[in-house]
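Novice: quick one, what's the 3D model for this:
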Amino acid sequence: MLKLKRKPKTVEITSASMADIAFLLLIFFLVTTTIDVDKGIGLTLPDPRGEKKEIREKNITNLLVNEAGQVLLDLKEVPVQQIKDVIAEKIRENPKLIVSVKTDRNTPYNIYVAVLDQLKQANARKISLAEPDK
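Specialist: Purely as a prediction, here's the structure:
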């Protein structure tokens, strides 16, 4: 008797549908992923046309920062770390308070960011950026 040599059976996994599965997984993760968006601080920038809006004086507090990083809050010098406490107290007294921030052109950026951060921590909802002196 002749012995026929049989070829061993090879098992193949078809890869034709792998791309479909990869795209389905990609779409699934894109659709189900949530992206947190930090709302940040609502800033009111100066009007480029120069038009001014009338606001009651009692609803505005002025915050001035000079080029040395010193902060004046309603013409009283305040350390940057205490801005949060002072503004939070003013907001409790007047919920419609608008903080007008004015800086010198040479104010260090880290001081400017620290001031805005303190305002955010104080829950200042309305912040108006005034144009620096030219």
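Novice: so in the protein, which helix runs the longest?
Specialist: Counting by DSSP state H, the longest helix found in the chain is helix 18-32.
Novice: for it, the distance to its chain's centre please.
Specialist: A distance of 31 Å separates the C-alpha centroid of helix 18-32 from that of its chain, computed with Cα atoms, centre = their mean, to the nearest Å.
Novice: what's the answer for stretch 19-37, then?
Specialist: Relative to its parent chain, stretch 19-37 has a centroid offset of 26 Å by Cα atoms, centre = their mean.
Novice: what residues of that stretch count as buried?
Specialist: Buried residues in stretch 19-37, counted by 16 or more other Cβ atoms under 10 Å: none are found. (C-beta placed from N, C-alpha, C; glycine too.)
Novice: now stretch 91-99
Specialist: Within stretch 91-99, the residues that count as buried by 16+ other Cβ under 10 Å are Ile91, Leu97, Ile98, Val99.
Novice: among those residues, name the ones in strands.
Specialist: Among the buried residues of stretch 91-99, DSSP state E puts Ile98, Val99 in strands.
Novice: closest one of the buried residues of stretch 91-99 to Ala19?
Specialist: Taking Cβ to Cβ as the measure, Ala19 lies nearest Val99 of the buried residues of stretch 91-99, at 55.3 Å.
Novice: among the buried residues of stretch 91-99, which one lies nearest to Asp85?
Specialist: Closest approach to Asp85 among the buried residues of stretch 91-99 (Cβ to Cβ): Ile91, at 11.0 Å.
Novice: ok, the closest one - contacts?
Specialist: With contact set as Cβ atoms under 8 Å, 6 or more residues apart in numbering, Ile91 has these partners: Leu97, Ala122, Asn123, Ala124.
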